[in-house]
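Engineer: Sharing a model that was predicted from the sequence below.
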Amino acid sequence: MLWFWILLRIVLSPIMYIGWRPQNSGMRNVPKKGPALLVSNHLSFADHFFGPLPLMRPIFFIGKGEYFTGKGIKGLISKGFFTGVGVVPVDRTGGSAAEAALETGLRILREGKLLGIYPEGTRAPDNRLYRGKTGVARLALKSRVPVIPMAMINTFELMPPGKPVPRLGVRPGVRFGAPLDFSRYYGREEDREVLRKITDEIMEAIRELSGQEYVDRYAAEVKAEMSGRTARPVDEDE
């Protein structure tokens with residue numbers, strides 16, 4: 001992870017600033033040291049690059065273990081890339097995907113790192129903000145670390161689905177909001193009503209930063225409908 005972050009700062013950072021002139025704000029809301037949970041909308045593959053860009057600390061993300069277990073050259077490239085952009089594989093041995101992701105996230109935060117979470121669970125199919133999954137609320141209550149709302153701006157236009165390279169002429173950016181306080185709910189991480197209330201509050205904070213239209217449906221369901229597939233039941237905790 002460290003090598004890619006150094007590469008991003010030294011090599012890619014000047015290129016990204018000159019080529020796309022990103023408009024960033026609110027960096028002072030992110031702690032300079034210690035753990036914090038950064039909760040963001042997810043519009044594009046470019047989010048992995050432009051989200052961490054203005055910070056002086058790397059952001060770690062939780063990802064599927066399959067990204068790290070591929071065979072041959074392609075598997076090595078995949079493992080190297082996702083490790084480089086701060087993706088940490090979920091260890092699913094002995095538990096569900098939701099529990100594994102929770103434990104992986106808590107471990108990252110216990111190490112004093114910044115953990116990035118996309119509550120929508122997948123990239124949005126369009127430029128709107130979708131219903132969040134409650135796993136982010138459980139993580140916030142169990143970790144008791146600062147929760148920082150984060151909004152990616154114009155990255156959907158910059159690099160929409162299916163486009164392999166970012167467009168020129170689009171100014172992307174990221175906005176970091178003030179920390180959210182959920183201390184009044186500590187100890188209630190098994191209360192589904194509380195988890196939904198916290199998740200909705202997080203999504204509203206992201207919406208206020210991004211200015212997106214909000215859709216009270218899961219992005220995965222909408223993407224399945226658009227592709228003609230039958231959507232599987234959504235696990236809110238995943």
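Structural biologist: Cool, the structure landed.

Engineer: Kindly list the longest helix within this structure.
Structural biologist: helix 192-210 (DSSP state H).

Engineer: so what secondary structure elements neighbour the following helix or strand past that helix?
Structural biologist: Using DSSP states H and E, the helix or strand that follows helix 192-210 in sequence is strand 214-215. Packing partners of strand 214-215 (3 or more CB pairs under 8 Å, 6 or more residues apart in numbering; DSSP states H and E): strand 129-130, helix 192-210. Any C-beta I mention is one placed from the backbone N, CA and C, and that applies to glycine too.

Engineer: in the helix or strand that strand 214-215 is followed by, what counts as buried?
Structural biologist: Where DSSP H and E defines the elements, the next helix or strand beyond strand 214-215 is helix 219-227. Neighbour counts over helix 219-227 (16 or more other CB atoms under 10 Å) mark Ala219, Ala220, Glu221, Val222, Lys223, Ala224 as buried.

Engineer: Kindly tell me how buried the residue lying closest to the second one once chain neighbours are set aside is, as a neighbour count.
Structural biologist: So that's Ala220. Ranked by CB to CB, 6 or more residues apart in numbering and with sequence neighbours excluded, the top spatial neighbour of Ala220 is Thr122, at 5.3 Å. A count of nearby residues for Thr122, using other CB atoms under 10 Å, gives 14.

Engineer: quick check: angle from the longest strand anywhere in the chain to helix 192-210?
Structural biologist: For the chain, the strand with the greatest residue count under DSSP state E is strand 147-153. Comparing the axes of strand 147-153 and helix 192-210 via axes from the mean of the first three to the mean of the last three CA atoms, to 10 degrees yields an angle of 40 degrees.

Engineer: For the helix or strand that comes right after strand 147-153, enumerate the helices and strands it packs against.
Structural biologist: Next helix or strand after strand 147-153 toward the C-terminus (DSSP H and E): helix 155-158. Secondary-structure packing of helix 155-158 (3+ CB pairs under 8 Å, 6+ apart): helix 47-50.

Engineer: sorry, back to before: how distant is the longest strand of the chain from the center of its chain?
Structural biologist: Strand 147-153 sits 9 Å away from the centroid of its parent chain (CA atoms, centre = their mean, to the nearest Å).

Engineer: Could you pull up the mean pLDDT of that strand?
Structural biologist: The pLDDT scores in strand 147-153 average 98.

Engineer: ok, now stretch 216-230?
Structural biologist: In the prediction, stretch 216-230 has an average pLDDT of 85.

Engineer: and if you look at stretch 183-200?
Structural biologist: Regarding stretch 183-200, the rounded mean pLDDT is 96.
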